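# Turn this into a model:
(2 chains)
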Amino acid sequence: MTWIKFLREKWFYALLLILALLLPLLITNRYHFQIVIMGCLFSIAALSLNLILGYTGQASMAHAGFFGIGAYGVALLTKEGMSFWLALPLSSLLAALVGFLIGLPTLRARGSYFAISTMCFGVIISIVAGNWIELTGGYNGVVGIPLPNPIFLPGVGDLGFQTQAAQYYLVLAFLLLTLLIMHRLVYSLMGLGFMAIRNNEVLAGSVGINTFAGKILSFVVANFFAGLAGGIYASLIGTISPATAALEQTFGWLIFVLLGGIATLTGPIVGAFVIPVIMEYLQFLTEYRLIIFGVLLIVVIIYFPRGLMGGFTTLQQRVKDLYAQRRGEKRAAGG
Amino acid sequence: MQLFLQQIFNGIMLGSTYAIVALGLTLVFGILHIPNFAHGHLYMLGAYISFFLMTLYGFGFWTALITSMVILGLVGMLIERVVYRPLQDKPHINSFISAVGALIILETSVIVLWGPQGRRIPNPYPDIVELLGITMSHQRLLVIVAAIAMIVVLQIFIKKTTPGATIEAVAQNREGAMLVGINVNWVSSLTFAISTATAAAAACLVAPIFMISPTMGALLGMKAFVIVILGGLGSIPGAILGGYILGILEAIGGGYLSAAYKDVYAFGALILILSIRPTGLFGKEVS
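Numbering: from 1, shown residues only, chains lettered A, B, ... in the order given. Below is the predicted model of the structure:
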């Protein structure tokens, strides 16, 4: 009974999930497949940025820095021979821990102050990555990072990650996990607390929400997932450099989140898929593409601050209202 | 000792540019409360315009500098009007994101138009003087003198003239300024124009010493924000003093500790100080 109810209400999402699972059968072009894999990976990064930026209202500009911590962590640990499956949680936890330590001073500052101080921290990370040559390999970066170790599946045997399909399922599994946790978090009392902090921090504090703890928690969780995305990235791509942690990456995810729809769970994912695809189609414009995205960023924040998915929800609501109104009229006419 | 004095001299020269750039930023960030993150990129654009005026159109150093200031002033007014004014009453964070859009546009435009490689402006004053064992090029001395002159002129403008007084009035009380008949939008445009024009001047002055490149503005813009926050939001003496202190700190740190990490000092100091005082050293509580 509940299953039928679930399917009736959420059929669209179920369909989407089936489509996502069957995707390797549908895509034959390796290049296109790689775009899909990167879309899933950057969805994780964008979703976590959305938690701190969209839901909690704190513009962390160090997101790529934490992505970098996860990436360098996995790269250095797995090159030392540690299993990917141990290195990944360790590196993500390291990103979360650094996030906690950096959050303590920076989250006391508000608005632009927080944005600027996190931006400074992000730049420090990429400078350190570029200059601590003994550890990070300097501006040449780390090369030859091993792929994730094969996992044992009952009935299938050892499953390696050499094929794109296997890599895709790996990233998809982590994306679904991220989405699930974000969903649970955002729709919990804690998530409401985050949104209260975003809407009015002083007011939220006055009704008994521990605003500082809320901000720290949101920041730590966001950075954990940024580190997770970075760790998977390092292992799948095989090479990383200080550019992996550069500010431009954060700007890229900022565009995903804003154009897709800030403070929605679907928006960042839509942004992370739609924008790279548009980028591919705009290939002929080469360097001009970034200018277009700069313009889009300004236009969206001024005229459509809720982005693509926010606009979609508004539209859906209007259609629903109209439908309800019609039904009301019919009933009035009939009765 | 000689090395120390040399580093101090270099630090003062560097600090002069920081002071001018931070001064311009404190006007828009501290007084208009616009987090203009594209400030460093406008500085970069100023250097490029001056470069092309000099190399392509045969302008002299000073005429190129003045023209570049005028052009950048107009660009600043345009940016204020298009990028920031529609977001006046929105949360700070929206202006910030808008600023990110603006800086992406500026940096990419320069890369597309003129390429990513660094360029060098011909040095108009290549002579060198030696004093107490310190080598000083005329151009470096010029930067220091011109910075002081500019600070003095700007101070006189704000304190002694009517347009300057309107800027102060808006800074003190926006509604009050409107009530006595000050056109606040016009003051915003004016402040932005002054801010970007001074950034252009700073860029043109140091361009013959350093290379110019599309990425030269990003770090400088962030440092200017650090100075403005540490020096106190909207405080002009704070911005000037902070600029010189940061310049000297970087020159000494770069000379004695590690040149590769010289950019880290400023950013590290900001995070450290914000942890003690979340609104900056002399900052007031932000609403």
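
# Report the closest residue of chain B relative to chain A.
B:Ser275 (2.9 Å; Cβ to the nearest Cβ). (C-beta placed from N, C-alpha, C; glycine too.)

# give me every residue that touches that residue.
In this structure, B:Ser275 makes contact with A:Leu104, A:Pro105, A:Thr106, A:Arg108, judged by Cβ atoms under 8 Å, 6 or more residues apart in numbering or on different chains.

# Report the separation between the second one and A:Phe12.
When distance is defined by Cβ to Cβ, to the nearest Å, A:Pro105 is 44 Å away from A:Phe12.

# same thing with the first one?
Here A:Leu104 is placed at a distance of 42 Å from A:Phe12 (Cβ to Cβ).

# Comparing these two, which shows the higher neighbour count?
Between A:Leu104 and A:Phe12, A:Leu104 has the larger neighbour count (other Cβ atoms under 10 Å in any protein chain shown), namely 13 against 8.

# Tell me, how many residues neighbour B:Asn123?
Under the criterion other Cβ under 10 Å, the count of neighbours that B:Asn123 has is 14.

# A:Ala204 now?
When neighbours are counted by other Cβ under 10 Å, A:Ala204 registers 20.

# Wasn't it part of a helix?
Yes - checked against DSSP: H, G, I helix; E, B strand; the rest coil, A:Ala204 lies within a helix.

# does it really touch A:Ile197, like I thought?
Yes - taking contacts as Cβ atoms under 8 Å, A:Ala204 lies within contact range of A:Ile197: 4.9 Å.

# Where does pLDDT dip in chain A?
Counting by pLDDT under 70, the ranges of chain A that qualify are A:1-3, A:6-9, A:286, A:334-335.

# With adjacent residues omitted, what lies nearest to whichever residue of it sits closest to chain B?
Of all residues in chain A, A:Pro105 sits closest to chain B, at 2.9 Å by Cβ to the nearest Cβ. Nearest residue to A:Pro105 in three dimensions, chain neighbours excluded: B:Ser275, at 2.9 Å (Cβ to Cβ, 6 or more residues apart in numbering or on different chains).

# Find the helix or strand that that neighbour is a member of.
Using DSSP states H and E, B:Ser275 sits in helix B:262-276.

# how far out from the middle of the chain is that helix?
What separates the centre of helix B:262-276 from the centre of its chain is 19 Å, taken as Cα atoms, centre = their mean, to the nearest Å.

# what does stretch A:68-75 give?
Averaging C-alpha positions (Cα atoms, centre = their mean) puts stretch A:68-75 16 Å from its chain's average.

# and the stretch 151-287 of chain B, which of its residues are near chain A?
Taking Cβ under 8 Å from any Cβ of the partner chain as the criterion, the stretch 151-287 of chain B approaches chain A at residues B:218-219, B:222, B:225-226, B:229, B:260-261, B:263-264, B:266-268, B:270-272, B:274-275, B:278-280, B:286.

# In the helix or strand harbouring B:Ile167, which of the residues would be classed as buried?
Secondary structure assignment for B:Ile167, by DSSP H and E: helix B:162-172. Residues B:Gly164, B:Thr166, B:Ile167, B:Ala169, B:Val170, B:Ala171 are the ones in helix B:162-172 that count as buried (16 or more other Cβ atoms under 10 Å in any protein chain shown).

# pLDDT on the next helix or strand after it, on average?
For helix B:162-172, the succeeding helix or strand toward the C-terminus, using DSSP H and E, is helix B:174-179. Mean pLDDT, helix B:174-179: 86.

# could you dump the buried residues of helix B:162-172 to JSON lines with pLDDT?
Supplementary listing: the buried residues of helix B:162-172 in JSON lines, determined by pLDDT from 0 to 100:
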{"residue": "B:Gly164", "pLDDT": "85"}
{"residue": "B:Thr166", "pLDDT": "88"}
{"residue": "B:Ile167", "pLDDT": "86"}
{"residue": "B:Ala169", "pLDDT": "86"}
{"residue": "B:Val170", "pLDDT": "84"}
{"residue": "B:Ala171", "pLDDT": "81"}
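
# Past the helix or strand hosting B:Val226, which element shows up next along the chain?
Element membership for B:Val226 (DSSP H and E) is helix B:216-231. As assigned by DSSP H and E, the chain's next helix or strand after helix B:216-231 is helix B:236-252.
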